[in-house]
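**Q** sharing a model that was predicted from the sequence below.
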Amino acid sequence: MLVLSNDDVKSVLGMKETISALRRGYDDLKNGEATYGPRIDYYLPTGRDDDYHQWGNMVGACASFGVMAVRMKSDVASWPDGKTQEKYAVRPGLFCGLIMLFSSADGAPLAIIQDGYLQHMRVGGAMGIGVDLLARKDATSVGMLGSGGMARSFLEAFVQVRPVEKVKVYSPTKPHRDNYAKEMSEELGIAVEAVDSPEEAVRDALIVSTATDSMIPTFDPDWLSPGAHVVCVTRRELGPELLTRANLIVQLGINTVPYGTPVPMMEWKAGGYASYVAGNAEDRARVPDARLESTGVYPTMLDLETGKVSGRTSGDQVTLFVGTGTQGLQFAAVGGMAYQEAKNRGLGRELPLEWFLQDIRD
């Protein structure tokens, strides 16, 4: 049983490798050799009156890497102003997300992987595949909303699939967007400019990316140019105006149990995720309900790739790629590749396999 840190994963996994692993996973999905389940969240009161314990899980399997993956995340979540979600584990600045891999050959537990770096890479890589499918071939300009880890992996993916030349970035904290512009310019060798408003970032961009922790829409769709392609990191960032403005909407895959499915005790909470919530009525009122815009179901990337729906048909269409869904498959594919490479290089810490096996039938 191998334990892999974020540093271990980073040493074997770049964006090119991430996209390659995801493409293999999605090829398996097309061929019936991969599967995944919907994300489901669970909420339990912390005993305080301003936050909640939120635990989520995603499961998937990928034949190309011979693994089943379970990803879980454990957060103390709060929504201090109703506009953003804040979270931590144990104390602010620390987070708990783990991926467990199991062998499809014999059921053995293979690895426990810290998910922070891999999480950013698998989301960014999937957005890159979406850009490759739907953005105009001459899309050289990017408007980036957000300057955190997802905004970095998104841009790393975009340059893999389009000849990006110019990026304008906006986030509310000036030092953050200035640092992003400097670091990404140096890393990618392209012009990245920090701007003072979301409108300035979005106008004239043919790829518009919103990669934030916002619970509300992050820009006015009237700012979009004809032919723009939009990607989002969460459904929380979607608004009705953008859904109306888009000529074509494709979602990465099934995100969660579809809204309104008659499952006893199931609710749909922040981000549109199917959830089970414990607590009294006063406690439960603190957890935001899903906005209707975050619960839509659209044709999937698999529908697009198998010809069930058409992609972009003109240079003036505004396209929207809802980058949620297939999470468990992504963790199986990218986690499987990271595990194989780390094992080949002798990385990680080994734990005795017998710690994870037993002779009592369950």
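**A** Everything's here; your move.
**Q** CA only for contacts and neighbour counts going forward, please
**A** Fine.
**Q** tally of neighbours for L94?
**A** Neighbour count for L94, taken as other C-alpha atoms under 10 Å: 10.
**Q** distance-wise, check it relative to S74.
**A** As judged by C-alpha to C-alpha, to the nearest Å, L94 and S74 stand 11 Å apart.
**Q** same deal with G107?
**A** 25 Å.
**Q** more neighbours: those two, which one.
**A** S74 (20 against 11).
**Q** next, the more buried one: secondary structure please.
**A** strand (DSSP: H, G, I helix; E, B strand; the rest coil).
**Q** which residue packs closest to it, ignoring adjacent ones?
**A** Of all residues not flanking S74 in the chain, W55 sits nearest, at 4.6 Å (C-alpha to C-alpha, 6 or more residues apart in numbering).
**Q** and that neighbour, what is it in contact with?
**A** By C-alpha atoms under 8 Å, 6 or more residues apart in numbering, the contact set of W55 is D41, Y42, Y43, M72, K73, S74, D75.
**Q** how near is G253 to V131?
**A** Counting by C-alpha to C-alpha - G253 and V131 are separated by 15 Å.
**Q** please apply the same query to P221.
**A** 18 Å.
**Q** those two: which has the busier surroundings?
**A** V131 (25 against 21).
**Q** list the contacts for that one?
**A** F158, V161, I207, H229, F321.
**Q** return the backbone torsion pair for it.
**A** When quoted as degrees, to the nearest 10, the phi and psi of V131 stand at phi -60, psi -40.
**Q** mind starting the numbering at 479 from now?
**A** Okay, residue one is now 479; in that scheme the one you just asked about reads as V609.
**Q** state the pLDDT value of it.
**A** In the predicted model, V609 carries a pLDDT score of 97.
**Q** who touches Y504 in this structure?
**A** A512, L780.
**Q** how does the protein divide into domains?
**A** 480-596+806-834, 599-734+770-803 (automatic domain parsing).
**Q** T797: neighbour count?
**A** Around T797 there are 27 residues (other C-alpha under 10 Å).
**Q** you'd agree it is up against A613?
**A** Yes - the criterion here is C-alpha atoms under 8 Å, and T797 meets it with A613 at 7.5 Å.
**Q** joint contacts of the two?
**A** Going by C-alpha under 8 Å, 6+ apart, residues that sit against T797 and also against A613 are G705, A706, H707, R790.
**Q** what's the closest non-adjacent residue to the second one?
**A** By the measure of C-alpha to C-alpha, 6+ apart, the closest residue to A706 outside its immediate chain neighbours is L684, 4.2 Å from it.
**Q** just so I have it, where are all the helices in this protein?
**A** 484-490, 493-508, 594-612, 627-639, 652-666, 676-680, 718-723, 759-762, 779-783, 805-822 (DSSP state H).
**Q** mind listing residues that contact the shortest one?
**A** What that stands for is helix 759-762. P523, D527, V755, A756.
**Q** out of the helices of the chain, which comes closest to V545?
**A** helix 805-822 (6.2 Å; C-alpha to C-alpha).
**Q** what is that closest one packed up against?
**A** Using 3 or more C-alpha pairs under 8 Å, 6 or more residues apart in numbering; DSSP states H and E, the elements in contact with helix 805-822 are helix 484-490, helix 493-508, strand 512-514, strand 530-540, strand 545-556, strand 574-581, helix 594-612.
**Q** try it again at 7 Å.
**A** helix 484-490, helix 493-508, strand 512-514, strand 530-540, strand 545-556 (3 or more C-alpha pairs under 7 Å, 6 or more residues apart in numbering; DSSP states H and E).
**Q** closest to M815 out of the ones you listed?
**A** The nearest among those, by C-alpha to C-alpha, is helix 493-508 at 6.5 Å.
**Q** so which bits of the closest one are buried?
**A** Neighbour-count burial for helix 493-508 flags 493, 495-507 (criterion: 16 or more other C-alpha atoms under 10 Å).
**Q** ok, for A724, nearest residue in space, not its chain neighbours?
**A** V796 (5.0 Å).
**Q** the one you found and W701 touch, don't they?
**A** No - between V796 and W701 there is no contact under C-alpha atoms under 7 Å: 11.6 Å.
**Q** which one of these two has more residues nearby?
**A** V796 (25 against 15).
**Q** so who does I685 touch?
**A** A617, S619, V620, G621, A706, H707, V708 (C-alpha atoms under 7 Å, 6 or more residues apart in numbering).
**Q** in contact with the third one, which residues?
**A** The one in question is V620. Taking C-alpha under 7 Å, 6+ apart, one finds K644, V645, K646, A683, L684, I685, V686 in contact with V620.
**Q** please convert the residues you listed to CSV, extending it with distance to L596 and pLDDT.
**A** CSV is the format used below for those (distance: C-alpha to C-alpha, whole Å; pLDDT from 0 to 100):
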residue, distance to L596, pLDDT
K644, 26, 97
V645, 24, 98
K646, 25, 98
A683, 28, 98
L684, 27, 98
I685, 23, 98
V686, 23, 98
